[in-house]
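Asks: Structure for the following, please:
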Amino acid sequence: MLKAFAWIPESGLVADPPREKFAEIIARDDAFLWVDMEGATPSEIALLRKPFGVSPAAVDECRDYRSLPKVEDFGSYLLVTLHRVQFDERSREMHLREIDFVLSRNWLVTVREDSSTSVEQVLNRIRGNDALVREGPGRLMAEIIEVITSRYFPMIEFLEREVDVLEEAMLEGRRGGDAFGRILALRRSVVALRRSIVPQREVIHRLAKEEFPLARGTTALHLRGTHDELYWILTELEIHRELLTSAFEGHAAIGANRLAEISNRMNLVMEKLTRFTTIFMPLTLITGIYGMNFDHMPELRWKWSYPALLAVLLASGFALSWYFRKTLPREFLALPEDQDKRVQTRIWKRPGGTAATGVRVREKKE
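Replies: Predicted coordinates for the structure are as follows:
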């Protein structure tokens, strides 16, 4: 889809002029033409070659939507490749899309793969006020870049809220089943944003310091503010990356602590089972021998054999218990002294609101 706006002194702002008039408009020194291509067809892309005279290399760059942000000077025009973010907070989906600017003295062509709210916002502005168009193509490009940069702020605010939620859960000792998945997803988003914004800030810096003649004056002046905004965004992303790393380590520590608690409780259970098993093993041996019912076992026909056997079993059990208590370490037979308490390494909030790390002993709730 192709949209075009032209500024002609005798006609003012003209929306969607015929394509046949493009060459006539850009040939004038006092006229200006902006062509916006969304999902351009081959015939629309061909307009870059004629009438705008863009080189085949630059046309190929506009067709490739996988390039990193960069700026190339072709003499009579600039090719500026930037990224724009598309973020839906409800679905938590973020996409980075490319947009290409071909800037010349009195014309501007924007090429994008799909719809862009940033470009649509600028289109609506010039429909109601043509003052922005009269300032020239460079000023219009700077306006679009400024709006594209402003679209990063909702993503930064979303990351800040998500990090706060994860930190609060960590400070309260909670670890949801999806905590690690959320942290990793947020980290991937932060890394993707930094990978895009770092070269993009360099491109804006080169344009803002008037390195190129086609981007001087008011264009460079407005891009300086955009460069400062990108610097702030990168600083916030670096802070969020550090906080996400800390949150990941904190949730991992909480998980490891809970596993250690479960392991300790299992060890206590196994110690109890071992004590009872050791005591009952000889008793089981005695009952097993007299349970074979051989004919030539004189004890089987003795009148007092049953109570005598019970007495032997009781005596053997008490004797083994006494022997183990005297010979084995105390901690093996006795329950730990802090059996009704649970020792946990926790991260908690002090009354002043700051976080601290330490060991807290809590009564175990049965």
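Asks: Assign a three-state SS to residue 17, would you?
Replies: Assigned by DSSP: H, G, I helix; E, B strand; the rest coil, the conformation of residue 17 is coil.
Asks: residues near it, how many?
Replies: When counting by other Cβ atoms under 10 Å, one arrives at 17 neighbours for residue 17. Every C-beta, even on glycine, is put in place using the N, C-alpha and C of the backbone.
Asks: So for the helix or strand harbouring residue 123, what gets flagged as buried?
Replies: Residue 123 is part of helix 117-128 when elements are defined by DSSP states H and E. By 16 or more other Cβ atoms under 10 Å, the buried positions in helix 117-128 come out as 118, 119, 122, 123, 125, 126.
Asks: Report all helices and strands that the very next helix or strand once past that helix contacts.
Replies: Downstream of helix 117-128, the next assigned helix or strand under DSSP H and E is helix 131-134. Contacts defined by 3 or more Cβ pairs under 8 Å, 6 or more residues apart in numbering; DSSP states H and E place helix 131-134 against strand 2-8, strand 32-38, helix 117-128, helix 137-150.
Asks: Indicate which one of the ones you listed is closest to residue 103.
Replies: helix 137-150 (5.6 Å; Cβ to Cβ).
Asks: for the closest one, what is the average pLDDT?
Replies: When pLDDT is averaged along helix 137-150, the result is 93.
Asks: Report the separation between residue 124 and residue 14.
Replies: Going from residue 124 to residue 14 by Cβ to Cβ, to the nearest Å gives 17 Å.
Asks: I meant to write residue 302 there.
Replies: 123 Å.
Asks: So if I had to pick from these two, which one is more boxed in?
Replies: residue 14 (17 against 11).
Asks: Is the more buried one in a helix, a strand, or coil?
Replies: Residue 14 is classified as strand under three-state DSSP.
Asks: Bridging across strands, which residues link to the residue lying closest to it once chain neighbours are set aside?
Replies: Once flanking residues are discounted, residue 14 sits nearest to residue 6: 4.5 Å by Cβ to Cβ, 6 or more residues apart in numbering. Taking DSSP bridges as the rule, residue 6 bridges to residue 14, residue 33.
Asks: next one: residue 77
Replies: With DSSP bridges as the rule, residue 77 is bridged to residue 104.
Asks: In this structure it contacts residue 214, no?
Replies: Yes - using Cβ atoms under 8 Å as the test, residue 77 is close enough to residue 214 to be in contact (7.2 Å).
Asks: shared neighbours of the two, anything?
Replies: Taking Cβ atoms under 8 Å, 6 or more residues apart in numbering as the criterion, residue 77 and residue 214 both touch 103, 104.
Asks: okay, these two: which has more neighbours?
Replies: Ranked by neighbour count (other Cβ under 10 Å), residue 77 and residue 214 place residue 77 first, with 23 against 20.
Asks: quick one: contacts for that one?
Replies: 52, 54, 58, 102, 103, 104, 214.
Asks: which residues sit in contact with the third one?
Replies: With contacts defined as Cβ under 8 Å, 6+ apart, residue 58 is in contact with 48, 72, 74, 77, 79, 102.
Asks: Pull the most distant pair out of those residues.
Replies: Of all pairs in the contacts of residue 58, the most separated under Cβ to Cβ is 48 and 72 at 14.1 Å.
Asks: more neighbours, the two?
Replies: residue 48 (24 against 14).
Asks: Now the more buried one. Nearest residue, chain neighbours left out?
Replies: Per Cβ to Cβ, 6+ apart, closest to residue 48 is residue 54, 4.0 Å.
Asks: Kindly report the same for residue 190.
Replies: Nearest residue to residue 190, sequence neighbours excluded (Cβ to Cβ, 6+ apart): residue 241, at 4.9 Å.
Asks: so where do the helices sit in the stretch 51-200 of the chain?
Replies: Here the stretch 51-200 of the chain has its helices, by DSSP state H, counting those that start in this stretch, at 56-63, 117-128, 131-134, 137-150, 152-171, 179-208.
Asks: Could you export these as JSON lines, including distance to residue 10?
Replies: What follows is the helices of the stretch 51-200 of the chain, written out as JSON lines (distance: least, Cβ to Cβ, whole Å):
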{"stretch": "helix 56-63", "distance to residue 10": "32"}
{"stretch": "helix 117-128", "distance to residue 10": "18"}
{"stretch": "helix 131-134", "distance to residue 10": "14"}
{"stretch": "helix 137-150", "distance to residue 10": "19"}
{"stretch": "helix 152-171", "distance to residue 10": "41"}
{"stretch": "helix 179-208", "distance to residue 10": "32"}
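Asks: re earlier: please list all residues in contact with the residue nearest to residue 48.
Replies: Counting by Cβ under 8 Å, 6+ apart, residue 54 has contacts 48, 62, 74, 77, 102, 109.
Asks: check contacts around the residue lying closest to the last one once chain neighbours are set aside.
Replies: Among residues not flanking residue 109 along the chain, residue 102 sits closest, at 4.2 Å (Cβ to Cβ, 6+ apart). Taking Cβ under 8 Å, 6+ apart as the definition of contact, the neighbours of residue 102 are 48, 52, 54, 58, 62, 77-80, 108-111.
Asks: isn't residue 94 right up against residue 152?
Replies: No - shown here, residue 94 and residue 152 do not form a contact pair, counting by Cβ under 8 Å, at 10.3 Å.
Asks: tell me, what's touching these two both at once?
Replies: Listed contacts common to residue 94 and residue 152 are 85, 193; contacts here mean Cβ under 8 Å, 6+ apart.
Asks: What about the nearest residue to residue 183 once chain neighbours are set aside, how many residues nearby?
Replies: Distance criterion Cβ to Cβ, 6+ apart; nearest residue to residue 183, sequence neighbours excluded, is residue 248 at 4.9 Å. Residue 248: 18 surrounding residues under other Cβ under 10 Å.
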